[in-house]
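> How does the following fold in three dimensions:
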Amino acid sequence: MIARSCSELNTDAEFQIRGCLDKSLTYRHQAADRLTVSLAFDNFDVNGVIMPNAPNACMSCFSKKRRCDRLLPRCSRCNITGGQCSYNHGSVFPGVFNEARVLHISSRPQTMVSLANFWSQPQDLRQLIISYAHFILGEIGNPSLIVSKLYRDSVHWWLPIIDPTRLARAISEYINHRSAETAVLLLHISLFDAQAAAIEAKAEISSSSLYAICNFVFMLLRKIQGSPIAKLQSGILLAVFEIGEGLLSNAYNTLSICAQLWCEGETNYPAAITDSLPQNDEMKILQSAIYLLDRLHYFFSDSPRPYLVEKLPSHHAFNPLEAEMKHPSAIESAMGSLRTKSKYKRRIIHFTQQTQACGLLESVALLENPNPSDMLTLDSLLQRKLTENFAVREDDWILPYFSTVVLLLALFELHSKTIKSCPDSRAFSLLAIDSVLNTTRDITGMDDVNNVRRMPLAAVLLLRRTVKAASMFNSTLGYHPNPGVLEDLAGSLRRARFQWRIAGDIGIS
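Purely as a prediction, here's the structure:
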């Protein structure tokens with residue numbers, strides 16, 4: 001009815017949105033059509049004229065009988081024709097984004113999908129991401145002062161997927177030249193201390209609301225062309241947060257997306273990603289991070305499922321440990337093409353040790369009923385790796401600490417299985433478990449004293465497994481560990497809740 005009336009008047013069935021340079025979009029409809037529109041929406045007055053503060057101002061949305069949130073970087077006419085439009089060309093859409101509107105949008109996935117599918121031009125989608133993310137960053141704090149420190153304190157110690165030097169440079173460039181990839185990355189880093197950042201900025205965006213927003217912008221980011229490395233970094237950070245919050249189903253979906261992005265960018269990714277690392281090495285780091293998180297997620301979920309990489313077409317090439325596991329001492333060869341002497345290189349080398357330890361944990365997981373020979377072989381290898389880690393200087397301990405907790409977890413899982421399958425080796429395994437409990441108490445206690453933020457997800461998993469299994473062995477096997485050790489482990493687990501909510505899922509009081 002509206003379109004027919006407008007064609008008779010030789011005008012478009014569109015109206016002029018304030019600021020649009022196309023003067024042909026003047027809203028002219030017959031009286032009957034004005035009545036129809038005014039009944040359908042509450043943003044017209046009795047004469048059919050658009051009210052200046054109308055939240056619904058898009059005829060495209062009207063034709064689809066949906067309310068419009070006016071998040072468009074241009075009017076619908078200019079979007080279709082490709083014309084220049086001055087509508088909402090600011091860094092933030094004025095008068096549109098506020099806390100209530102942001103939370104309303106982020107809580108409705110169908111609205112997000114509708115917004116993402118509306119644009120036909122990639123630059124429009126980029127503008128939406130930048131404007132939306134920039135508003136949220138303004139609400140939770142100054143990224144140059146908060147976000148970089150959040151990443152270094154919360155994630156970089158055990159998952160160094162971003163060079164801090166490059167991150168600082170990206171933040172500096174973002175202030176003057178905003179990019180969608182950097183905006184999403186900063187939002188995802190902000191997840192790890194949303195409450196503290198909100199207090200700093202005197203805002204009231206909760207962690208759950210910010211998580212919904214980050215899911216939204218990550219979905220949008222996947223739709224635009226750009227560096228797969230930037231997308232992978234954002235996705236991995238999102239998966240870490242989801243595992244830490246206990247959102248294991250969501251984390252598995254995010255890791256699946258990351259694995260797919262990695263495969264797509266394996267042979268075709270942009271040049272000159274960083275100055276400190278060759279781009280193929282940066283892809284290796286992200287590859288290892290996905291591998292590590294997938295294995296940790298497998299143990300956290302505590303339910304049988306195939307490993308994520310086994311579902312990928314190139315899973316044989318995806319596993320970063322196939323060559324290295326044959327020669328566990330060849331740490332440098334895993335990242336042999338690194339051409340930097342910075343602190344970042346040392347952290348990457350220790351991260352490689354962590355993924356190697358995860359490979360040993362996987363080997364233990366594959367043993368259904370270990371015989372004494374298998375147990376002794378793996379026990380000897382794990383004990384040797386632990387001895388190498390404990391031999392480092394005290395001031396360098398923080399880096400091998402992260403692989404140590406994975407090795408302890410593998411040793412604990414090995415002897416927990418051996419107790420059930422090899423009764424003759426039960427006494428030996430109980431002694432090994434007692435040693436693991438005491439060592440875990442020592443290193444996690446030290447970590448809590450230094451900074452609870454540095455506690456990796458593997459340490460949380462180790463604490464959960466040891467506390468739960470030790471209690472079970474106490475009731476079934478008559479194993480009585482030192483009460484002070486279990487009390488200290490439970491205390492470390494309670495303190496870990498300040499960083500990882502999943503630490504409180506087993507009912508430790």
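> need the contact list for residue 364.
378, 410, 413, 414, 417 (Cβ atoms under 8 Å, 6 or more residues apart in numbering). Where you see a C-beta, it was placed from the backbone N, CA and C, and this is true even at glycine.
> Wait, the first one touches residue 363, no?
In other words, residue 378. Yes. Here residue 378 reaches residue 363: they are 6.6 Å apart, a contact under Cβ atoms under 8 Å.
> hey, what's in contact with both of the two?
Shared contacts of residue 378 and residue 363 (Cβ under 8 Å, 6+ apart): residue 410.
> For these two, indicate the residue with more neighbours.
residue 378 (21 against 18; other Cβ atoms under 10 Å).
> before we move on, back to that, out of the contacts of residue 364, which is most surrounded?
Among those, the one with the most neighbours (other Cβ under 10 Å) is residue 410, at 27 neighbours.
> so what does the helix or strand hosting that residue touch, helix or strand wise?
Using DSSP states H and E, residue 410 maps to helix 401-421. Where contact means 3 or more Cβ pairs under 8 Å, 6 or more residues apart in numbering; DSSP states H and E, helix 401-421 is packed against helix 343-365, helix 372-390, helix 426-450, helix 457-476.
> how about those helices in a markdown table, adding mean pLDDT?
Formatted as a markdown table, the helices and strands packed on helix 401-421 follow (pLDDT from 0 to 100):
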| stretch | mean pLDDT |
| --- | --- |
| helix 343-365 | 84 |
| helix 372-390 | 87 |
| helix 426-450 | 79 |
| helix 457-476 | 80 |
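> what angle do the helix holding residue 410 and helix 426-450 make?
In terms of direction (axes from the mean of the first three to the mean of the last three Cα atoms, to 10 degrees), helix 401-421 departs from helix 426-450 by 150 degrees.
> okay, helix 401-421 in PDB with CA atoms only?
Below are the C-alpha coordinates for helix 401-421, written out as PDB (Å, rounded to 0.1, in the frame of the first residue of the first chain):
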ATOM      1  CA  TYR A 401      55.900 -23.100  36.500                       C
ATOM      2  CA  PHE A 402      53.200 -23.300  33.800                       C
ATOM      3  CA  SER A 403      54.500 -26.500  32.200                       C
ATOM      4  CA  THR A 404      55.100 -27.900  35.700                       C
ATOM      5  CA  VAL A 405      51.400 -27.800  36.600                       C
ATOM      6  CA  VAL A 406      50.500 -29.700  33.400                       C
ATOM      7  CA  LEU A 407      53.200 -32.400  34.100                       C
ATOM      8  CA  LEU A 408      51.900 -32.800  37.700                       C
ATOM      9  CA  LEU A 409      48.400 -33.200  36.300                       C
ATOM     10  CA  ALA A 410      49.600 -35.900  33.900                       C
ATOM     11  CA  LEU A 411      51.400 -37.700  36.700                       C
ATOM     12  CA  PHE A 412      48.400 -37.500  38.900                       C
ATOM     13  CA  GLU A 413      46.100 -38.900  36.100                       C
ATOM     14  CA  LEU A 414      48.600 -41.700  35.300                       C
ATOM     15  CA  HIS A 415      48.700 -43.000  38.900                       C
ATOM     16  CA  SER A 416      45.000 -42.500  39.400                       C
ATOM     17  CA  LYS A 417      44.400 -44.900  36.500                       C
ATOM     18  CA  THR A 418      47.200 -47.300  37.700                       C
ATOM     19  CA  ILE A 419      45.600 -47.700  41.100                       C
ATOM     20  CA  LYS A 420      42.400 -49.100  39.400                       C
ATOM     21  CA  SER A 421      44.100 -51.200  36.700                       C
END
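> Now do that helix against helix 343-365, angle only.
0 degrees.
> And helix 401-421, what's buried?
Buried positions in helix 401-421, judged by neighbour count with 16 or more other Cβ atoms under 10 Å: 401-419, 421.
> surely residue 374 meets residue 367?
Yes. Look at residue 374 against residue 367 with Cβ under 8 Å: they come within range, at 6.0 Å.
> and the gap between residue 229 and residue 156?
To residue 156, residue 229 is 16 Å away according to Cβ to Cβ, to the nearest Å.
> about what we covered before: among the helices and strands packed on helix 401-421, which is nearest residue 193?
Taking Cβ to Cβ, helix 457-476 is the member of these nearest to residue 193, at 16.1 Å.
> and the angle for the helix or strand just after the closest one with helix 457-476?
Where DSSP H and E defines the elements, the next helix or strand beyond helix 457-476 is helix 483-496. Relative orientation of helix 483-496 and helix 457-476, computed by the same axes, to 10 degrees: 140 degrees.
> Restricting to C-alpha, output helix 483-496 in PDB.
This file holds the C-alpha atoms of helix 483-496, laid out as PDB (Å, rounded to 0.1, in the frame of the first residue of the first chain):
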ATOM      1  CA  PRO A 483      45.100 -33.000  56.300                       C
ATOM      2  CA  GLY A 484      47.100 -29.800  56.100                       C
ATOM      3  CA  VAL A 485      48.000 -30.500  52.500                       C
ATOM      4  CA  LEU A 486      44.300 -30.900  51.400                       C
ATOM      5  CA  GLU A 487      43.400 -27.900  53.400                       C
ATOM      6  CA  ASP A 488      46.000 -25.800  51.700                       C
ATOM      7  CA  LEU A 489      44.900 -27.100  48.300                       C
ATOM      8  CA  ALA A 490      41.300 -26.300  49.000                       C
ATOM      9  CA  GLY A 491      42.400 -22.800  50.100                       C
ATOM     10  CA  SER A 492      44.300 -22.300  46.800                       C
ATOM     11  CA  LEU A 493      41.200 -23.400  44.900                       C
ATOM     12  CA  ARG A 494      39.000 -20.900  46.800                       C
ATOM     13  CA  ARG A 495      41.500 -18.100  46.000                       C
ATOM     14  CA  ALA A 496      41.500 -19.100  42.400                       C
END
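> Show me what it is packed against.
Judged by 3+ Cβ pairs under 8 Å, 6+ apart, the packing partners of helix 483-496 are helix 426-450, helix 457-476.
> Out of the ones you listed, which one sits most buried?
Per-stretch averages of neighbours, counted by mean count of other Cβ atoms under 10 Å, single out helix 457-476 among these, with a mean of 20.
> Could you point out which of the helices and strands packed on helix 483-496 sits nearest residue 491?
Among the helices and strands packed on helix 483-496, helix 426-450 comes nearest to residue 491, with 8.1 Å by Cβ to Cβ.
> what ranges of the stretch 251-400 of the chain fall below the confidence cut-off?
Across the stretch 251-400 of the chain, the ranges flagged by pLDDT under 70 are 266-280, 309-342, 393-396.
> rewinding a little: in JSON lines: the helices and strands packed on helix 401-421, plus distance to residue 183.
Putting the helices and strands packed on helix 401-421 into JSON lines (distance: least, Cβ to Cβ, whole Å) gives the following:
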{"stretch": "helix 343-365", "distance to residue 183": "24"}
{"stretch": "helix 372-390", "distance to residue 183": "39"}
{"stretch": "helix 426-450", "distance to residue 183": "32"}
{"stretch": "helix 457-476", "distance to residue 183": "26"}
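> out of those helices, nearest to residue 132?
Per Cβ to Cβ, nearest to residue 132 of those: helix 457-476, 29.0 Å.
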